[in-house]
Structure formats: structure tokens, C-alpha cells
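> Sequence below, structure please.
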Amino acid sequence: MYADAEDGHGRPERGRWAAPTRRPPGPQDRPESAHWFEAIAGFAPAPAFVRDGQGRYLWVNAAYAHLYRMAPDVVIGRTVEEIDTPADAAMFRALDREVLQSGRPVRHTLSFHHPDGLPRQVTGHRFVLDAGCGPRVGGIYVDLTEHTRTLEERNVADEELHALRERSGLAVVALDLSGRVRRVSGGAARLLGSGRSALEGSWATEHLDDDGEVGTVRGIWADLVAGRTPRYSGSVVCRTASGGHRVLRTDLAVVRRHGAPDHIAAVLTALSAEFHGRPRVSPVQLRVLTSMAAGSPNTTIAAQLGLSRQALDYHLRRLGGVLDAASRPAMVARAYALGILDATAWPPRAVDAPGRS
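Residues are numbered from 1 along each chain as shown. So this is what the prediction gives:
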């Protein structure tokens, strides 16, 4: 800086350079950015600490103290032996010595326990800090505990789903949003009498019995994909690999990924034995069947349907021929075996009866 000075004769001289007076640096000389950094580090989400060579905490941020359910000022000044379990404290001491002796930072993943016994896992760096007052050990870590626990729970859920799909015999089919089969379980392949390789990659509509069912399924499918309904339950007649047919209960549900529909999961349940040429019964004959299945005598059935005894006998003879059954019990049994009557419902009703959703 410029200052007034005296010449050799005691007269003042102006404009000469004078050396500044030096004073020791104080807290007021710290750059403003250092205060900002300290504030940010104190509340950063990554746990961080500084310890001396004796394992005593000199500084920790809030995230590090939170690992131990403590406040930072409770941790600072204590040693690792006062904070951690004996086994964990010995491990941390050994890691500190390794870093101090080598002078090189180390990246690692640590598993340890809270004093209350709860397991924790972190990953990060441990390194040497030397600010002129002796070596210090610093560490910055990311807490993986919740992430690890979530992954473990997901693995368990995946294993349970795999066991349910592959080992329970449940017939499960995964289809993409266009209706193409992505994956089938062993139970689904057996139900349709086919191999997985023949089913996967095919279109779902290829396995339906007639065009009428295809049109109905397309409408339901559009509602599922558009989000107008989250699930649907109904029955369909499917073709089997041997050229026969089988009535299946089909439970469809939308599987979402990141909030958007990703694919459709279908659970199939057999409602009939495999048959070739499913008998077609008239609406009146279907009502006669449901009444017989409920145990109603002929007089009650005739009264309920408004039929004469002769008219009821005619329909019974026709039913016997259509179902290839010689008695009332045989007609009912055949109706259930062929999927005409719903084996999961009471009172008896037809598989195609409305009200299933």
C-alpha cells in the first residue's frame, strides 16, 4: 500500500510503498465460501466424519449422527469405543490405521450394527486430512440400509412370485399390451395342452374359440389398457393343442411400471374338462339344468318356468340327447364337466351368466 514516510533528513516523503503490518489470521479472515461449505456439509444427506489418530470424533454432520440416533454435539468428543459396539469399533480403528499408514484413500462398503442391534450398511471413502495440526481421518459415506432392505424384500417377493407361478401349478400368463403372450407358467401350458415355446410369442386371440369371444375380449382389453378398469374376471372357451376345447375362468389385471400400464397378467382356472364339440343348450334348457342342479323336483321346475308336464318332459329328453346323459344326475354332472354350469357358484348358475366382474 502507499503511505507517508520520512526521508533521511526527517522530512515526510509521499507516495512511497510501505510494507503492510502483518497480523495472525483470525476467523474473520475465513472466506465466505468456507462458511457456506461448512453449513452445507453439516446438513448434507451423506454421512461424514473427521476423527483424530486416537479414534476421537472431531466433527460429524447431522446425517452421520443420525445413523446412531444421536445429535452431532453428542457424538463429537467421544471415541469410537464409546459410540460403536466393540466389534465395530475394532474394525473402524483398523481401517483408520490403514488409511493413516498408507496415506491413500480407500473406498469400501461397511456393514455394522447400531448399539440397539439394528444392522446398517454404508459405502463410501475414508481418507487422510492434514491441516497442519496432525493427521486426521475423514470419511464420507452413503447409507445403503434402506436400499439394501428394499432389494432384499424385492428378492423375497420375486422368489415368492416364482414359486407361486412355477411350483404351485397355478396357470399364469403374462401378455404385452398388444395381446401377445410374453410368458406362460407350466400350469398354463398344461391347461392348454401345449408347450411353452408354442404359446410364448403367439397372440391371445389365436386360442379363443370363436369370433364372438374375440370381439368381447378386445373390448375388455381396451378398457384395461386405457385404465378404465384395473381388473376383469370372466369365462372364455379356449382351444387346446389337441384340437379340443376347455372353458376357462380368466382373471385379468393390469401390471404397472412407473405408474403406466406395462403388461397384463392373466390367471386361468379350468371350469370344464377338455371336450370336443361343446353341446349347445337353449336358454330354456339352461334354466332347466340350473333348477335340476339346485335339487328342484320336476313339478317345481315346471311351475317356475310356466311349462306343462309334457313340455318339461320334452326338454328333459332333448337335454339327455344333447348331453349324452340318461338321467337327471348324469345331465347335471355333464353340465358341470363341460363348463356349462359354474362349479364355483351356489345357487347353481350358468358359466356365461351375467354379473361376473
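> all strands for the stretch 251-357 of the chain, in order.
Along the stretch 251-357 of the chain, counting by DSSP state E, counting those that start in this stretch, strands occupy 260-270.
> what are the bridge partners for Arg136, then?
Assessed by DSSP bridges, Arg136 has beta-bridge partners Leu129.
> who's in contact with it?
Neighbour list for Arg136: 50-53, 58, 128-130 [criterion: C-beta atoms under 8 Å, 6 or more residues apart in numbering]. In short, each C-beta sits where N, CA and C put it, glycine included.
> what's the answer for Arg165, then?
Arg165 neighbours (C-beta under 8 Å, 6+ apart): 172, 185.
> Could you tell me whether it really is in a strand?
No. Using DSSP: H, G, I helix; E, B strand; the rest coil, the secondary structure at Arg165 is helix, not a strand.
> Show the pLDDT at Pro24.
Looking at Pro24, its pLDDT stands at 52.
> thinking again about what came up before, of the contacts of Arg136, closest to Val74?
Taking C-beta to C-beta as the measure, Val74 lies nearest Leu58 of the contacts of Arg136, at 14.2 Å.
> Which helix or strand contains Trp59?
Here Trp59 sits within strand 57-60, counting by DSSP states H and E.
> Gln121 too?
Using DSSP H and E, the element containing Gln121 is strand 119-130.
> What residues does Arg56 make contact with?
77-79.
> Tell me how far the strand holding Trp59 lies from the chain's centre.
How far strand 57-60 lies from its chain's middle: 39 Å, per C-alpha atoms, centre = their mean, to the nearest Å.
> same thing with stretch 242-253?
28 Å.
> what do you get for stretch 315-332?
On C-alpha atoms, centre = their mean, the centre of stretch 315-332 falls 50 Å from that of its chain.
> quick revisit: residues contacting the helix or strand following the strand holding Trp59, please?
The helix or strand immediately downstream of strand 57-60 is helix 62-67, counting by DSSP H and E. Residues outside helix 62-67 that contact it (C-beta under 8 Å, 6+ apart): 42-49, 71-72, 74-75, 114, 120, 122, 141, 143.
> Show the buried residues in these.
Neighbour counting over the contacts of helix 62-67 (16 or more other C-beta atoms under 10 Å) leaves 47-49, 72, 75, 120, 122, 141, 143 as the buried ones.
> Please read off the pLDDT at the closest residue to Ala65 other than its chain neighbours from the model.
Nearest residue to Ala65 in three dimensions, chain neighbours excluded: Pro72, at 4.5 Å (C-beta to C-beta, 6 or more residues apart in numbering). pLDDT recorded at Pro72 is 93.
> ok now do Pro72, which residues does it touch?
Pro72 neighbours (C-beta under 8 Å, 6+ apart): 42, 60-62, 64-65.
> Helices of the stretch 251-357 of the chain, residue ranges please.
283-293, 298-305, 309-323, 328-337 (DSSP state H, counting those that start in this stretch).
> Out of these, the one nearest Arg231 is which?
Closest among the helices of the stretch 251-357 of the chain, using C-beta to C-beta: helix 328-337, at 25.9 Å.
> Can you tell me what sits against the closest one?
272-273, 275, 289, 292-293, 316, 319-320, 323-325, 341, 343.
> Okay then, goodbye and thanks.
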